[in-house]
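[1] sequence-free structure coming up:
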């Protein structure tokens, strides 16, 4: 049985299938009849099921909420958990985000690394095992989730209809094997504006920016009214703070545009938060007194550019998983109220209640309320767990890297069931491009992870 040779023989097919699925824009949209997550995701899901059938697998569609492809016999199931949805593409791509173009040995496009490229790798890993005739004692099943980037309704519905695999991994993070994932808390900071303006200072009418809680926002804009030009203020601020801000003035009405750098919400230090840098600039101006300027001051004091929640009372850390991570993802401020949506990754030995209590104490007397919209508790498996041990053996065989298993701030499908962990696809030292512009997967890495996943699935299912 030579799985690596079989995968090499399928190299062109793997590359082509990856390019084809990248061309299908699969961003969550308003539901339609029979399409719970919108038309685009549904089309991508149908494409994945069709490809699975062509590769010789039995497929099952669970009411268009998700599904699987499988082969083999046995009562127990080894699962590989993938998702076909992607976050919005954002701006300023060098190559088209939905073309799957190859440049310098890399396939570019939204979803190449998160998570369509790894999904294709998983499918062809299964095909290599199937065609090798290897003796297995368990079924191997790839499960397609459709809204991993927002809500997990797809996998929740799937698991309400289908029994979870006995053991599983998800190729949706990094190598080596991941034995812990921080808790994920999504909430809104909300404030109603009753006392709007009490003097003749600069009036902020609107601030809007960001796409998703789990993305560092790369754009935000504010509409303000000022009797005097703010151009010199902005130019001086930009020069001193080395940020990208632009201004459009039309009489006393002004639009201030803030440009940041997108990144995954679990790695805000890799990006530049366009919302935070805009609010810090606004706070440097002579704003009209009132609830809006009060909120801007609170934001600067309690959030600012802090990635770790220290200023807002939740700067927790622990030995297994490190610092709490704090990301402002969306803001919607008008003359009546503000809603700021925040994504927190908290250490594995803490609870979301501890996080909320810390923030509530820090926000006392500010009239800013915390409205929790989503929480996923952390997961943690010991390093000597059977799944971790087998995956680490395979990883070390292919890479020669003797690193220990790790914990991460990202949230993967591994936390949806017992005995599941994240495993790849990013190798140590590689740039984290999930949720960023110019996302890509190197062709050689695509083939390499296919080989790793084939061996891993075989070891877990033999």
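    Cool, got the structure. Bear in mind that the values here come from a model prediction, so they are computed numbers and not experimental data.

[2] in this structure, where's the longest helix?
    Secondary structure of the chain per DSSP state H: the longest helix is helix 443-461.

[3] buried residues, that one. List them.
    Buried positions in helix 443-461, judged by neighbour count with 16 or more other C-beta atoms under 10 Å: 443, 445-458, 460-461. For every residue, glycine as well, the C-beta is placed using N, CA and C.

[4] swap in stretch 256-270?
    Residues of stretch 256-270 classed as buried: 256-268, 270 (neighbour count, 16+ other C-beta under 10 Å).

[5] for those residues, which one is nearest residue 168?
    residue 266 (21.0 Å; C-beta to C-beta).

[6] distance of the residue lying closest to the closest one once chain neighbours are set aside relative to residue 145?
    Distances taken as C-beta to C-beta, 6 or more residues apart in numbering put residue 409 closest to residue 266, at 3.8 Å, once the chain neighbours are dropped. Using C-beta to C-beta, to the nearest Å, we find residue 409 at a distance of 20 Å from residue 145.

[7] neighbour-wise, which of the two wins?
    Per other C-beta atoms under 10 Å, whichever of residue 409 and residue 145 has more neighbours is residue 145, with 28 against 25.

[8] so how far is residue 91 from the more buried one?
    Taken as C-beta to C-beta, the span from residue 145 to residue 91 is 27 Å.

[9] what of residue 62?
    According to C-beta to C-beta, residue 62 stands 35 Å off from residue 91.

[10] what secondary structure does residue 190 sit in?
    Using DSSP: H, G, I helix; E, B strand; the rest coil, the structure places residue 190 in strand.

[11] what pLDDT does it get?
    On pLDDT, residue 190 comes in at 98.

[12] for the record, mean pLDDT for the longest helix of the chain?
    Rounded mean pLDDT across helix 443-461 is 98.

[13] again, but for stretch 92-108
    Here stretch 92-108 scores 97 as its mean pLDDT.

[14] which residues belonging to that stretch are considered buried?
    93, 95, 97-98, 100-102, 106-108.

[15] just those now: which is nearest residue 435?
    Proximity of the buried residues of stretch 92-108 to residue 435, judged by C-beta to C-beta, is greatest for residue 97, which lies at 11.8 Å.

[16] give me the nearest residue to that closest one, chain neighbours excluded.
    Distance criterion C-beta to C-beta, 6+ apart; nearest residue to residue 97, sequence neighbours excluded, is residue 89 at 3.9 Å.

[17] now do the phi/psi pair for residue 295.
    Dihedral angles phi and psi of residue 295 (degrees, to the nearest 10) take the values phi -60, psi -40.

[18] what number of residues lie near residue 236?
    Residue 236 has 11 neighbouring residues, counting by other C-beta under 10 Å.

[19] residue 288 versus that one, what's the distance?
    The gap separating residue 236 from residue 288 is 21 Å, by C-beta to C-beta.

[20] cool, and residue 57?
    From residue 57 to residue 288 the distance is 63 Å (C-beta to C-beta).

[21] then residue 387?
    58 Å.

[22] okay, these two: which has more neighbours?
    Neighbours were counted for residue 387 and for residue 288 using other C-beta under 10 Å; residue 387 has more, 22 against 19.

[23] surely that one and residue 165 touch.
    No. Applying C-beta atoms under 8 Å as the test, residue 387 and residue 165 come out as separate, 10.9 Å apart.

[24] who touches both of these two?
    Common contacts of residue 387 and residue 165 (C-beta atoms under 8 Å, 6 or more residues apart in numbering): residue 420.

[25] show me the shaky parts of the protein.
    Along the chain, the parts satisfying pLDDT under 70 run over 1.

[26] which residue ranges form the helices in it?
    Along the chain, counting by DSSP H, helices occupy 3-9, 11-22, 39-54, 116-132, 153-161, 231-241, 274-283, 291-302, 352-362, 386-399, 443-461.

[27] which of those sits most buried?
    helix 116-132 (a mean of 25; mean count of other C-beta atoms under 10 Å).

[28] tell me the angle of that helix relative to helix 11-22?
    Relative orientation of helix 116-132 versus helix 11-22 (axes from the mean of the first three to the mean of the last three C-alpha atoms, to 10 degrees): 140 degrees.

[29] other SSEs contacting helix 116-132?
    With contacts taken as 3 or more C-beta pairs under 8 Å, 6 or more residues apart in numbering; DSSP states H and E, helix 116-132 sits against helix 3-9, helix 11-22, helix 39-54, strand 67-71, strand 77-83, strand 139-145, strand 425-426, helix 443-461.

[30] please redo it, this time with the cut-off set to 7 Å
    When contacts are defined as 3 or more C-beta pairs under 7 Å, 6 or more residues apart in numbering; DSSP states H and E, helix 116-132 sits against helix 3-9, helix 11-22, strand 77-83, strand 139-145, helix 443-461.
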